[in-house]
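> pasting the sequence and the predicted model now:
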Amino acid sequence: MILNVADLSFRYNSHPVLQDVGCTASPGEIVAILGPNGAGKTTLLRCLNAMLRPRTGTIMLGEQDILSLSRREIAQSMAYVPQHIEPPKVTAFDAILLGRRPWIGWDMRRDDVLKVQSIIDQLGLANLAMRHVDAMSGGELQKVAIARALVQEPRVLLLDEPTSSLDLKNQHGIMQFIRSIVRIHRLTALMTMHDLNLALHYADKFVLVKEGRVFGAGGEEIITPEMIEEVYGIPVTIERLCGRHVVVPRSEQTDELQGDLIPSRQVTSM
């Protein structure tokens, strides 16, 4: 079921933050939302699940208009994992169980508990289940937060900088974890990111945002030196290393490097 965002605008009081934003995403895809600080990336995520109400625009999940739904109905379709997670003083099992709230009536059902156990088993988190969340490392806490989002049974995952404050090993561990669950569960994942090379390694599509506007949207072909310089204001080269493209900030030294550079390409839309 395709997520289609069109003509999305948002402002805080009289200050415009997003202007005419559009993008699409399909099941099984990871879409990286990229751009400098203050570009509006987190605001865009919060607009997608109506935590913030857009001033204009549409957000369609298949034939479903997200902006016409109740908070509970949105939570049954979309799960949001914020950048900063305040760990509660509960076990991981109980923290994940809270993700069933959009589906729970007056009482917790046995079926809800079984769904939590199933997610824990699928994600290999049995060793964390009875540990208290406030005593976990950043990587462990992020996995619990994603498991809590998954137990909502959403079709769309929204993740705000899921690798922030993690070391190199945990960055790749979390991204491999996300990529695996997106593929297995046929979810659509949109995530804000700062690390261009991490995004190139794991994402299927990219949305480049600057000053609240989309400058480019599409596959890896839009990640060109010209586009990056336009969005980030820094000259770069893009080289091929170990079979993957890598973004390298340009200097007198890197200008002299001889590598397999990506040629300039036409920017296309999703």
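Good, I have the coordinates. Numbers count the residues shown, from 1 in each chain.
> correct me if wrong: K205 contacts G28.
No. If you go by C-beta atoms under 8 Å, K205 and G28 don't touch, sitting 11.3 Å apart. The C-beta positions use only the backbone N, C-alpha and C, and glycine is treated the same way.
> quick one: which of these two has more around it?
More neighbours surround K205 than the other of K205 and G28, with 21 against 14 (other C-beta atoms under 10 Å).
> got the contact list for the residue nearest to that one when sequence neighbours are not counted?
Excluding the flanking residues, the one nearest K205 by C-beta to C-beta, 6 or more residues apart in numbering is V31, at 4.6 Å. Contacts for V31 (C-beta atoms under 8 Å, 6 or more residues apart in numbering) come out as C23, A25, T188, A189, L190, M191, A203, D204, K205, F206, V207.
> and the second one, what pLDDT?
As predicted, A25 sits at a pLDDT of 94.
> could you list which of the contacts of V31 belong to strands?
Of the contacts of V31, the ones assigned to strands by DSSP state E are C23, A25, T188, A189, L190, M191, K205, F206, V207.
> show me what the first one is bridged to.
The residues paired with C23 through beta bridges, assigned by DSSP bridges, are V5.
> next, count neighbours for D107.
By other C-beta under 10 Å, 6 other residues sit near D107.
> no, scratch that, I was asking about L196
Around L196 there are 21 residues (other C-beta under 10 Å).
> and if you look at V90?
Using other C-beta under 10 Å, V90 has 14 neighbouring residues.
> not counting sequence-adjacent ones, nearest residue to it?
Among residues not flanking V90 along the chain, V133 sits closest, at 6.1 Å (C-beta to C-beta, 6+ apart).
> residues touching that neighbour, list them.
Contact analysis of V133 by C-beta under 8 Å, 6+ apart lists P87, P88, K89, V90, T91, A92, A95, L141, V144.
> could those go into CSV alongside distance to V5, secondary structure and pLDDT?
Putting the contacts of V133 into CSV (distance: C-beta to C-beta, whole Å; DSSP: H, G, I helix; E, B strand; the rest coil; pLDDT from 0 to 100) gives the following:
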residue, distance to V5, secondary structure, pLDDT
P87, 31, coil, 74
P88, 32, coil, 76
K89, 37, coil, 85
V90, 35, coil, 92
T91, 37, strand, 94
A92, 33, helix, 93
A95, 30, helix, 92
L141, 29, helix, 88
V144, 29, helix, 90
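> quick one, what contacts the residue nearest to S165 when sequence neighbours are not counted?
Among residues not flanking S165 along the chain, G138 sits closest, at 5.7 Å (C-beta to C-beta, 6+ apart). Going by C-beta under 8 Å, 6+ apart, G138 touches S165, L166, N170.
> pLDDT score for the nearest residue in space to R155 that is not next to it in sequence?
Of all residues not flanking R155 in the chain, S77 sits nearest, at 5.4 Å (C-beta to C-beta, 6+ apart). According to the prediction, S77 has pLDDT 92.
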